[in-house]
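In: Task: produce atomic coordinates for the following.
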Amino acid sequence: MKASVFVVALIPLVSAWSLELKTTDKRTVNTHGTSDSGCKNLSFSPVLNVNHAKFSPKTDWHTDPGTFELYANKNCDKLSYRNDGGSYSMTARKIRSYKVY
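Out: Next up, the predicted model:
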């Protein structure tokens with residue numbers, strides 16, 4: 001029992017990469033992870049019209065990912081935007097999937 005309490009207490013101390021997407025209609029989507037994400041589809045209606053992205057690649061105990069990509073279509077088809085860590089304003093674009101690596 002004590003060991004499980006200790007493990008649960010450590011979980012908030014682990015940091016993960018984060019990707020925040022902001023849209024023209026003031027919605028915000030936050031994603032995070034500790035390793036490469038693989039392709040992830042975003043299921044929002046209406047589709048996200050993203051005009052700002054903020055990527056923080058810092059992770060503890062894992063290799064930090066260096067790049068995020070945003071795609072116009074599901075299943076990471078039709079690359080729309082790629083960058084590294086930082087905060088970026090961009091021309092609004094419809095985004096349906098993303099990848100962090």
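In: Give the next helix or strand downstream of the helix or strand of the chain with the lowest mean pLDDT.
Out: Within the chain, no helix or strand scores below helix 2-10, which has a mean of 46 by mean pLDDT, DSSP states H and E. Following helix 2-10 in sequence order, the next helix or strand is strand 17-23 (DSSP states H and E).
In: buried sites along that next one?
Out: 17-19, 21-23 (16 or more other Cβ atoms under 10 Å). Placement of C-beta: from N, CA and C, glycine included.
In: Check stretch 36-44 too.
Out: 37, 40, 42.
In: Just put the buried residues of strand 17-23 in CSV and tack on distance to Phe68 and pLDDT.
Out: Supplementary listing: the buried residues of strand 17-23 in CSV, determined by distance: Cβ to Cβ, whole Å; pLDDT from 0 to 100:
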residue, distance to Phe68, pLDDT
Trp17, 9, 93
Ser18, 10, 95
Leu19, 5, 97
Leu21, 10, 98
Lys22, 14, 98
Thr23, 16, 97
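In: ok, now which ones touch Leu21?
Out: Counting by Cβ atoms under 8 Å, 6 or more residues apart in numbering, Leu21 touches 28-29, 31, 48, 50, 52-53, 70, 95, 98.
In: From the buried residues of strand 17-23, pick the one nearest Lys58.
Out: Nearest to Lys58, judged by Cβ to Cβ, of the buried residues of strand 17-23 is Trp17 at 6.7 Å.
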